[in-house]
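Q: this one's sequence-less:
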DNA sequence: ATGTAATTTCAGAAATTTCTGAAATTAAAG
DNA sequence: CTTTAATTTCAGAAATTTCTGAAATTACAT
């Protein structure tokens, strides 16, 4: 797998974006590469294309699998794994959102609930602060329940609503 | 400013979340503290509460200001700055989204447009890869235009739509 | 079973990020 | 203008994260 200039630009940028969104450069580069590749790649092809250590590729693949962003394929007479990425941008996006929700939002909800529960017994906690925490919890719960709802809507309808954009407001403003 | 157990739990968690979302622990802790505090705090109060260096607080404040997440107040007869955080969770959330859009999405759109523009001349680039990049750009543009639309909707209506959740789909599914 | 290819683990190296504390700068008060 | 308080800058220290390469493990093939 040789990278054309455009692919290289894409993969490098993808890698940098990864570092800003909480995954390592390598993980994001591997994802970017698989995402662009017309055919599934073996770990060794990834190694030679990106010039990173075999073990790094192994770890990156494992990480991407934990996000459900890549799939494994098998080729007759070849015992190596071949990897490909989810190629639909909308589906990939939703998988990333789901992963971050589970990794970060859910634990935050747990912490906030513990805070709210402990508030009444905390003599050093001002009413204002306690209220602020409660409001934060309520907001995050509202946001996650919205997400859980939206997540279940069939893809075509999701797309439709996304394309409506601000018109949704106009339609519902009256309702 | 002494931290009660609940405030401490909140601030420490906020700090850890920060590290996962691309800001340093200190920046997130300072924000968490100001967010909870019933009254604006001086830099030195933040220093003693969080036990971090004065210069670190200074840098963190600067960072938070660049996100428009905090405000500066002045007290008669006191030449120190007093800082407070945006206390409405929804507004804070929107400011964070806006900041990330500007810092990460916009540059990505630029890169993708460059890629799409360069594609035809890139002999090494497969049709499939070129198409993948175009689709990604289209998706991101769709997402940002949706965001730009939603951003302009009046807050109360935004809230209303958020609360409707999946019902929006039911209402619009027929439309 | 034995050999070989593929993959994973893991300890430490390298790179990056974050933080500190001293020095410099800015700005208000006397 | 001088003094003092407040803030910022910045070089290097500390902490953290990421990556490598050798060794171990796993799994397939003969």
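A: That came through, no problem. Owing to the predicted nature of the structure, the values given are computational and were not obtained by experimental measurement.
Q: For the residue nearest in space to the middle of chain A, what is the enclosing helix or strand?
A: Nearest to the geometric centre of chain A sits residue A:96, at 1.5 Å (Cα atoms, centre = their mean). Taking DSSP states H and E as the criterion, residue A:96 maps to helix A:89-100.
Q: That helix near DNA strand D at all?
A: No: if you take Cβ under 7 Å from any atom of the strand as the test, helix A:89-100 misses DNA strand D, and the best it gets is 14.7 Å. C-betas here are computed from N, CA, C, even on glycine.
Q: Likewise for stretch A:55-73?
A: Yes: judged by Cβ under 7 Å from any atom of the strand, stretch A:55-73 and DNA strand D are in contact via A:55-56, A:59-60.
Q: Could you name the specific helix or strand carrying residue A:172?
A: helix A:167-174.
Q: got a list of contacts for that helix?
A: A:161, A:164, B:149-150, B:153, B:157-158, B:160-161, B:164, B:168, B:171-172, B:175 (Cβ atoms under 8 Å, 6 or more residues apart in numbering or on different chains).
Q: Same check on stretch A:150-157?
A: A:90-91, A:94, A:98, A:158, A:161, B:165-166, B:169, B:172-173.
Q: near DNA strand D, which residues of chain A?
A: A:19, A:23-27, A:51-56, A:59-60, A:79.
Q: Adding secondary structure, pLDDT and neighbour count, write the residues of stretch A:55-73 next to DNA strand D out as CSV.
A: Below are the residues of stretch A:55-73 next to DNA strand D laid out as CSV (DSSP: H, G, I helix; E, B strand; the rest coil; pLDDT from 0 to 100; neighbours: other Cβ atoms under 10 Å in any protein chain shown):
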residue, secondary structure, pLDDT, neighbour count
A:55, helix, 96, 10
A:56, helix, 97, 18
A:59, helix, 96, 15
A:60, helix, 97, 26
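Q: give me the subset of those touching DNA strand C.
A: Within the residues of stretch A:55-73 next to DNA strand D, those near DNA strand C by Cβ under 7 Å from any atom of the strand are A:55, A:59.
Q: How far off centre is the helix or strand immediately after the helix holding residue A:96 in the chain?
A: The helix or strand immediately downstream of helix A:89-100 is helix A:106-118, counting by DSSP H and E. From the chain centre to the centre of helix A:106-118 is a distance of 23 Å (Cα atoms, centre = their mean, to the nearest Å).
Q: Can you name the next helix or strand after helix A:106-118?
A: helix A:127-152.
Q: Which residue is the nearest non-sequential neighbour of the residue located most distally from the centre of chain A?
A: Relative to the centre of chain A, the most outlying C-alpha is that of residue A:123, 39.6 Å out, by Cα atoms, centre = their mean. Spatial nearest neighbour of residue A:123, chain neighbours left out: residue B:4 (7.4 Å); criterion: Cβ to Cβ, 6 or more residues apart in numbering or on different chains.
Q: Who are the packing partners of the longest strand that chain A contains?
A: Criterion DSSP state E: the longest strand present in chain A is strand A:78-85. The elements that strand A:78-85 packs onto, with contact taken as 3 or more Cβ pairs under 8 Å, 6 or more residues apart in numbering or on different chains; DSSP states H and E, are helix A:25-36, strand A:41-42, helix A:43-50, strand A:70-75.
Q: Do the third one and DNA strand C come into contact?
A: Yes: taking Cβ under 7 Å from any atom of the strand as the criterion, helix A:43-50 and DNA strand C are in contact, through A:43-44.
Q: residues touching residue A:43, list them.
A: So residue A:43 contacts A:54, A:57-58, A:61, A:80-81, A:83 (Cβ under 8 Å, 6+ apart).
Q: Could you rerun that using 7 Å?
A: Contact analysis of residue A:43 by Cβ atoms under 7 Å, 6 or more residues apart in numbering or on different chains lists A:54, A:57-58, A:61, A:81.
Q: among the residues you listed, who's most crowded?
A: residue A:57 (24 neighbours; other Cβ atoms under 10 Å in any protein chain shown).
Q: thought that one was touching residue A:45?
A: No: between residue A:57 and residue A:45 no contact is recorded; they are 9.4 Å apart, counting by Cβ atoms under 7 Å.
Q: where does chain A dip in pLDDT?
A: Under the criterion pLDDT under 70, the flagged ranges of chain A are A:173-175.
Q: care to break it down by domain?
A: Following automatic domain parsing, one finds the domains of chain A at A:5-85, A:89-174.
Q: For residue A:47, list the residues it contacts.
A: A:54, A:57.
Q: what about stretch A:16-35 and DNA strand C, touching?
A: Yes: Stretch A:16-35 comes into contact with DNA strand C (Cβ under 7 Å from any atom of the strand), by way of residue A:19.
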